[in-house]
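A.B. asks: I'll drop the sequence and a predicted model, then ask my questions.
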Amino acid sequence: MRDRIKKKSSQKEKIFLTQSYFKYPLPEEMLKELSEELKDINRYPSGGEYTKLRQVLAEYVGVKMENILPTNGSDEVIEIVSRAYKGEVLIPIPTFSQYEVSADRGGLSKILVNCLIDGVYSFNYSAQQLDKASLVWICNPNNPTGTRIPQENIINILQRAKGMVVVDECNYEYLGETVVDLIDKYENLIISRSFSKNFGLAGLRLGFAISNPQNIKRLATFGQYFRVNRIAEKAATKVLKYLDYYRKAWEKIKKVRDKFIREINELGFSAYNSQANFVLIEFKNKEETERVWKHLKEKDIYTLPGWENEFSGLDDQFIRFTIGEEWEMDRVVKVLSDYVKKNQKPI
Ligand SMILES: Cc1ncc(COP(=O)(O)O)c(C=O)c1O
């Protein structure tokens with residue numbers, strides 16, 4: 001891994017920190033094994049039951065196969081639950097935009113609840129809202145703020161909500177906390193996971209839902225029979241053989257992230273504390289944000305500003321940075337440090 005990082009850093013290549021995918025090299029042996037599956041793509045995936053895949057995922061999570069529904073990326077969990085629990089959906093903004101997009105497609109009515117007040121993201125669904133909603137979203141850690149939602153807050157919502165509560169844990173591997181242990185206790189709990197952010201399979205599309213067997217059976221009726229393609233199906237077993245490799249990469253990413261947050265704040269910017277593989281920075285106003293975003297772009301650093309459609313309810317004075325390799329984040333800090341020097345004032 002180190003050799004490749006060195007080579008890249010000397011090339012002054014473009015740095016893409018827009019989409020929050022896994023930016024580290026994948027284990028070469030794993031890629032080789034996966035490429036051998038190509039010869040069988042004339043055959044269908046295992047289909048509806050996906051027995052082997054579900055067993056592998058269940059073992060990874062620590063549940064039974066009956067608790068697992070594999071999907072075409074975790075975006076498909078969002079899509080399927082929006083079909084299955086029609087009515088009114090509660091969305092805690094600012095957050096990931098697909099909750100809204102799937103709700104619109106499914107004809108659900110949306111209640112966007114502002115949860116970011118004075119720089120603090122915390123849940124404030126009212127009793128009345130929780131009484132009425134058919135579907136309630138919790139993104140943990142939240143995208144784009146990176147905020148950890150404490151388990152007691154999730155339990156509080158599970159106990160008060162009349163409808164289904166979905167906890168999006170697509171960044172679980174960075175946070176290290178889950179509510180999987182609650183699926184037998186709370187019938188109204190579904191958890192969503194992904195192989196995109198943590199195992200580097202964003203391009204293959206593999207995600208899954210975790211819930212009690214009744215909910216899983218019902219959810220399956222709202223998706224296609226062949227939800228997961230044959231290569232993605234095989235990939236889960238293969239990447240999970242390399243857990244030690246990935247665990248080291250997650251630790252490295254978390255270290256690089258925490259260093260980035262520290263250095264950014266030392267420059268006088270306001271970076272949010274993050275438990276995911278991205279960091280949100282808040283600027284004074286839209287004009288300042290545009291200036292910084294353009295300055296980064298001129299230096300071949302591409303980031304995700306609040307005015308893009310990636311998030312629901314994110315204002316224009318924010319930019320989200322995906323955590324890349326260390327040399328990439330060091331370059332971002334250097335470019336922002338030059339920006340501060342040039343402008344001679346803290347942001
Ligand atoms: C919070 C959140 N949930 C779900 C997804 C969807 O991920 P995927 O469909 O690649 O599993 C994303 C991707 O950006 C995300 O940020």
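C.D. replies: Perfect, I can see it now.
A.B. asks: can you tell me the helix or strand for Glu251?
C.D. replies: Assessed by DSSP states H and E, Glu251 sits inside helix 243-266.
A.B. asks: what is that helix packed up against?
C.D. replies: Where contact means 3 or more C-beta pairs under 8 Å, 6 or more residues apart in numbering; DSSP states H and E, helix 243-266 is packed against helix 172-175, strand 270-271, strand 278-282, helix 326-343. C-beta: built from backbone N, CA, C; applies to glycine.
A.B. asks: can you give me the buried ones in the last one?
C.D. replies: Spelled out, it's helix 326-343. 326, 328-333, 335-336, 339 (16 or more other C-beta atoms under 10 Å).
A.B. asks: from the chain's centre, how far out does stretch 279-290 sit?
C.D. replies: 22 Å (C-alpha atoms, centre = their mean, to the nearest Å).
A.B. asks: got a list of contacts for it?
C.D. replies: 119, 144-146, 257, 260-261, 264, 269-272, 274, 292, 305-307, 316-321, 323, 347 (C-beta atoms under 8 Å, 6 or more residues apart in numbering).
A.B. asks: which positions in this structure make contact with the ligand?
C.D. replies: 20, 73-75, 96, 139, 143, 168, 170, 194, 196, 202, 207 (C-beta under 6 Å from any ligand atom).
A.B. asks: the same query, at a cut-off of 5 Å, please.
C.D. replies: 73-75, 96, 139, 143, 168, 170, 194, 196, 207 (C-beta under 5 Å from any ligand atom).
A.B. asks: show me which of these is closest to Phe226.
C.D. replies: Gly73 (14.2 Å; C-beta to C-beta).
A.B. asks: is it true that the closest one touches Phe208?
C.D. replies: No: at 9.7 Å, Gly73 does not count as touching Phe208 under the criterion of C-beta atoms under 8 Å.
A.B. asks: these two: who's more crowded?
C.D. replies: Phe208 (29 against 24; other C-beta atoms under 10 Å).
A.B. asks: helices of the protein, start to end?
C.D. replies: Secondary structure of the chain (DSSP state H): helices located at 2-10, 28-35, 51-61, 75-84, 98-106, 127-132, 151-160, 172-175, 213-220, 230-240, 243-266, 286-298, 326-343.
A.B. asks: could you measure the closest residue to Thr18 other than its chain neighbours against Phe278, distance?
C.D. replies: Once flanking residues are discounted, Thr18 sits nearest to Leu304: 4.8 Å by C-beta to C-beta, 6 or more residues apart in numbering. For Leu304, the distance to Phe278 equals 8 Å [C-beta to C-beta, to the nearest Å].
A.B. asks: so those two - more neighbours on which side?
C.D. replies: Ranked by neighbour count (other C-beta under 10 Å), Leu304 and Phe278 place Phe278 first, with 25 against 22.
A.B. asks: look up the pLDDT of the more buried one for me, please.
C.D. replies: Note on Phe278: pLDDT of 98.
A.B. asks: quick one: residues contacting it.
C.D. replies: Contacts of Phe278 by C-beta under 8 Å, 6+ apart are 20, 143-144, 146, 320-323.
A.B. asks: looking at these, which are in strands?
C.D. replies: Members of the contacts of Phe278 lying in strands (criterion: DSSP state E): 320-322.
A.B. asks: going by distance to Leu240, which of the buried residues of helix 326-343 wins?
C.D. replies: Closest to Leu240, out of all of the buried residues of helix 326-343 and judged by C-beta to C-beta, is Glu326, at 25.8 Å.
A.B. asks: am I right that the closest one is in contact with Asp258?
C.D. replies: No: using C-beta under 8 Å as the test, Glu326 is too far from Asp258 to be in contact (11.8 Å).
A.B. asks: surely Leu69 meets Phe208?
C.D. replies: Yes: with contact defined as C-beta under 8 Å, Leu69 and Phe208 form a contacting pair (6.1 Å).
A.B. asks: identify the contacts common to those two.
C.D. replies: Val77.
A.B. asks: give me the contact list for the helix holding Glu251.
C.D. replies: 22, 24, 27, 173-174, 198-199, 239, 271-274, 277, 279, 281, 321, 323-326, 329, 332-333, 336.
A.B. asks: any idea how far that helix is from the chain center?
C.D. replies: 16 Å.
A.B. asks: that one to helix 326-343, inter-axis angle?
C.D. replies: On the basis of axes from the mean of the first three to the mean of the last three C-alpha atoms, to 10 degrees, helix 243-266 is oriented at 10 degrees to helix 326-343.
A.B. asks: how about helix 243-266: buried residues?
C.D. replies: So for helix 243-266, counting by 16+ other C-beta under 10 Å, buried means 245-246, 249-250, 253-254, 256-257, 260-261, 263-264.
A.B. asks: what's the answer for stretch 100-107, then?
C.D. replies: Quick answer for stretch 100-107 (16+ other C-beta under 10 Å): 100-103, 106.
A.B. asks: can you find the helix or strand in the protein with the smallest mean pLDDT?
C.D. replies: One helix or strand of the chain scores below all others by mean pLDDT, DSSP states H and E: helix 2-10, with a mean of 47.
A.B. asks: show me the shaky parts of the chain.
C.D. replies: Scanning the chain for pLDDT under 70 picks out 1-11, 48, 344-347.
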